[in-house]
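>>> Generate a structure from the sequence data that follows.
(2 chains)
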Amino acid sequence: MDITINILLTIATAATPLLIAAIGELVVERSGVLNLGVEGMMIMGAVGGFGASYLTGSPWIGLLAAIAMGAVFSLLFAVMTLSLATNQVATGLSLTLLGLGLSGMMGTSFVGQPGERLPNLEIPGLTSIPVVGRLLFGQDPIFYISIALTAAVMWFLFKTRTGLTLRSIGDSHTSAHALGIQVIRYRYLAVIFGGACAGLAGGHLSLVYTPQWVENMTAGRGWIALALVVFASWRPWRVLAGAYIFGAVWIGQLHAQAFGIPVPSQFLSSLPYLATVVVLVLISRNKRLTMMNTPASLGQPFVPDR
Amino acid sequence: MMRLELVKRPQRSALFSALSPFLAFALTIIAGAIMFALLGVNPLTAFRIYFIEPVSQVWQLHELAIKAAPLILIAVGLSVCYKANIWNIGAEGQFILGGIVGSIIPVLFPQFESPLVLPLMLLLGMVGGAAYAAIPALLKTRFGTNEILTSLMLVYVAQLFLDWLVRGPWRDPQGHGFPQTIQFNDSAVLPELMPDAGRANWGFVFALVAAVLVWILMSRMLKGFEVRVLGSSPRAGRFAGFGLNRMVFFAFLLSGALAGLAGISEVSGAIGQLQPVISPGYGFTAIIVAFLGRLNPLGIVAAGLVLALTYLGGEAVQSALGISDKVARVFQGMLLFFVLGCDTLIHYRIRLIGLALTKPESAAKLEAAPKLKEAR
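Numbering: from 1, shown residues only, chains lettered A, B, ... in the order given. Now for the predicted structure:
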């Protein structure tokens, strides 16, 4: 029983960064912008979070720094693609490349330093309830943020006017612009929100998942988050489901390696990446589903003419 | 609040088209100077060590050619993809597979020595890279799967596969447990061009030949026209009878084969055996090379040399100033950012709008508001 709970807890820990980064990117893509820089913003969040926590001694300040780092870094992408109308694919890629380099440089002095982990929630009486206590009331704070964030984004996108406006911009920026909607302003806010989420996801890696700084520690999670958004056909609750499936794959292969299954560890390590490919193929086979849900102006640059 | 506004030019500016890479380079230098100053290093000293000292002697130019060769080879292939609006970003994986498949002969049949070995290896390397690139192409044409994500995921798989090979079945039994294959025999090593002067090998010649061939293909042949048409307007391409699916395969196979050739050239030339890591991110840096070279094969040759210099400079500042060699990646990232930004000037004029102009704008918003209501 205890083992099952422990496995569930580790799955949640592995799924949380994927979920947060993917939810952020979902909002960005719903506004019609494709930001391929998730991996770069995430790694910047990770290094910023660890650095701030290491220098101040408070992982909470680290958490805030991770969010700020992701948001500021995403601003670079926003200025380029929204104000200068550059190619979104190429700009997103360069954001990732720059983030990987910059984080490596900033983190040189953090390598091998011990970090402090964000404490788990501890509610007297509730956390100690057998079986469900630790699952519901004893996890790290970012886990709760991730669930709340998913619910909030669902409500925002589908139950509020602003959410409707955002989705309409994603479906046709020219019509939205003709209706007098400030397309560029909405998109700026969406991109910055996505950056903050990616930063928070990175912060989870360096403050909770493995509280230390390791170069390239995101290990492709930003890209998997991007795939999750496609897999979820741009629906928040499906992102949640997808993130937990991938969390399970990630943890499953780690456990399989620990149990000494006679399969080379490299094959097990490649499972999350292969799973991503398989999942993308499965979802894209259903053409109608993809066509119906893809924001129609996704990835197209927009220059308001007046 | 200050705001940027883009005004479309009546036609693309030839001036900025030529100027943009240089402008981007200048901006990178300025940003780099700020970065070095923040790191507490005199920017002038840093630039001398970074950009001038690594290329001040003949043998160093050979090192530059060694680094530039894979970048140019890969970027030339990628330029065809990107021109056709096909996003192969997994060249790093195709490079690795080229290195692996090309090494089959020297690793498994080390006693086979003949002038045939090298051509066979290069051919196998190209086949390996192309076959690996065929996976995202097949998934895209067959199921409509996004090639950006699949080609990238396969990079991680290729890296892990190479890691397994050199630690497992292909490990040199006499290698004292080091994770590497046997040293290739002489007939499997790519010869150096001028052994007396430096280490540069035939890989650099392959890169130049590939650049010229692809330039001819793109500017003088129907296939090149097809690539451009399908890239800028798939609909027009369909009417012209150009098949998009065929183009996806063409672009992926070509770029995969060139990345594979780069991989086996690197392994049999600069390294001489397989190791767990055979590329310092050439496949990703080549994306920058392709854009900095304006997706033009001849421009890519120049851009490849520039980016190769950023690698050498990174190593130089690390040993001379104790700065992380990650500084190279930062330079590369900034360069791509600035070149993309400067490219905007080709199609648009940029106007800065200051505070004074915000009033008429808010008036326009008021006007738009009732319209919004009507529309609902």
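>>> Give me every residue in the stretch 1-150 of chain A lying close to chain B.
Residues of the stretch 1-150 of chain A lying close to chain B by CB under 8 Å from any CB of the partner chain are A:36, A:76, A:80, A:83-87, A:89-91, A:93-95, A:97-102, A:104-105, A:108. For every residue, glycine as well, the C-beta is placed using N, CA and C.
>>> show me where pLDDT drops low in the stretch 101-250 of chain A?
Within the stretch 101-250 of chain A, no range satisfies pLDDT under 70.
>>> Residue B:349 belongs to a strand?
Yes: checked against DSSP: H, G, I helix; E, B strand; the rest coil, residue B:349 lies within a strand.
>>> what's the pLDDT at the residue most central in space within chain B?
Nearest to the geometric centre of chain B sits residue B:286, at 1.0 Å (CA atoms, centre = their mean). Residue B:286 carries a pLDDT value of 94.
>>> Below-threshold pLDDT in chain B: ranges please.
Along chain B, the parts satisfying pLDDT under 70 run over B:1-2, B:354-376.
>>> do that again at 50, thanks
Counting by pLDDT under 50, chain B shows low-confidence ranges at B:356-376.
>>> List the neighbours of the helix or strand hosting the residue nearest to the centre of chain B that are in contact with it.
Element membership for residue B:286, per DSSP states H and E: helix B:282-292. Contacts with helix B:282-292, where a contact means CB atoms under 8 Å, 6 or more residues apart in numbering or on different chains, come from A:90, A:93-94, A:97, B:21, B:24, B:70-72, B:74-76, B:78-79, B:82, B:89-95, B:155, B:259, B:262, B:266, B:299-300, B:303-304, B:306-307, B:311, B:332-333, B:335-336, B:339-340.
>>> Give me the buried subset of the residues of the stretch 1-150 of chain A next to chain B.
A:36, A:76, A:80, A:83-87, A:89-91, A:93-95, A:97-102, A:104-105 (16 or more other CB atoms under 10 Å in any protein chain shown).
>>> residue boundaries of the helices in the stretch 151-300 of chain B?
Here the stretch 151-300 of chain B has its helices, by DSSP state H, counting those that start in this stretch, at B:203-220, B:222-232, B:234-239, B:244-265, B:282-292, B:297-321.
>>> which residues of the stretch 151-300 of chain A fall in helices?
Using DSSP H, counting those that start in this stretch, helices in the stretch 151-300 of chain A cover A:161-171, A:173-178, A:183-204, A:221-231, A:236-258, A:265-269, A:271-285, A:287-293.
>>> how about TSV for those, with distance to chain B added?
As requested, the helices of the stretch 151-300 of chain A are exported to TSV (distance: least, CB to the nearest CB, whole Å):
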stretch	distance to chain B
helix A:161-171	10
helix A:173-178	9
helix A:183-204	9
helix A:221-231	5
helix A:236-258	11
helix A:265-269	4
helix A:271-285	4
helix A:287-293	6
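>>> okay if I get the ones you listed as TSV plus distance to residue B:200 and mean neighbour count?
Formatted as TSV, the helices of the stretch 151-300 of chain A follow (distance: least, CB to CB, whole Å; neighbours: other CB atoms under 10 Å in any protein chain shown):
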stretch	distance to residue B:200	mean neighbour count
helix A:161-171	50	18
helix A:173-178	50	18
helix A:183-204	40	27
helix A:221-231	35	27
helix A:236-258	42	19
helix A:265-269	33	18
helix A:271-285	35	20
helix A:287-293	48	12
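>>> To residue A:124, which of the ones you listed lies closest?
Of all the helices of the stretch 151-300 of chain A, helix A:183-204 sits nearest to residue A:124, with 25.5 Å by CB to CB.
>>> The longest helix anywhere in chain A: what's the following helix or strand?
Of all segments of type helix in chain A, defined using DSSP state H, the longest is helix A:2-30. Moving toward the C-terminus from helix A:2-30, the next helix or strand (DSSP H and E) is helix A:38-56.
>>> Isn't residue B:23 up against residue B:342?
Yes: applying CB atoms under 8 Å, one finds residue B:23 in contact with residue B:342, separated by 4.7 Å.
>>> and for these two, which residues touch both?
Common neighbours of residue B:23 and residue B:342 (CB under 8 Å, 6+ apart) are residue B:16.
>>> Those two: which has the busier surroundings?
For residue B:23 and residue B:342, the more surrounded residue by other CB atoms under 10 Å in any protein chain shown is residue B:342, and the numbers stand at 21 against 16.
>>> contacting residues around that one?
Residues near residue B:342 by CB under 8 Å, 6+ apart: B:16, B:19, B:20, B:21, B:23, B:24, B:27.
>>> Mind telling me what element the second one is part of?
When elements are defined using DSSP H and E, residue B:19 is found to belong to helix B:14-38.
>>> Pull the residues that contact the helix or strand following that helix.
Scanning forward in sequence from helix B:14-38 by DSSP H and E, the next helix or strand is helix B:43-47. For helix B:43-47, contacts defined as CB under 8 Å, 6+ apart pick out B:29, B:32, B:33, B:34, B:36, B:37, B:317, B:321, B:323.
>>> Helix B:43-47: what's the following helix or strand?
Next helix or strand after helix B:43-47 toward the C-terminus (DSSP H and E): helix B:58-83.
>>> I'd assumed residue B:302 was in contact with residue B:72.
No: using CB under 8 Å as the test, residue B:72 is too far from residue B:302 to be in contact (9.4 Å).
>>> Show me which of the two is the more surrounded one.
When neighbours are counted by other CB under 10 Å, residue B:72 and residue B:302 differ, and residue B:72 comes out ahead with 33 against 17.
>>> Kindly provide the distance from that one to residue B:309.
13 Å (CB to CB, to the nearest Å).
>>> residues near the nearest residue to residue A:243 once chain neighbours are set aside, how many?
With sequence-adjacent residues excluded and distances taken as CB to CB, 6 or more residues apart in numbering or on different chains, residue A:243 is closest to residue A:19, at 3.7 Å. Look at residue A:19: counted by other CB under 10 Å, it has 32 neighbours.
>>> quick one on the thing from earlier: from residue A:219, how far off is the closest residue to the residue nearest to the centre of chain B other than its chain neighbours?
Closest residue to residue B:286 apart from its sequence neighbours, by CB to CB, 6+ apart: residue B:74 at 3.7 Å. Between residue B:74 and residue A:219 the computed distance is 23 Å (CB to CB).
>>> quick one: contacts for the residue nearest to residue A:243?
By CB under 8 Å, 6+ apart, the neighbours of residue A:19 are A:146, A:150, A:239, A:240, A:243, A:244.
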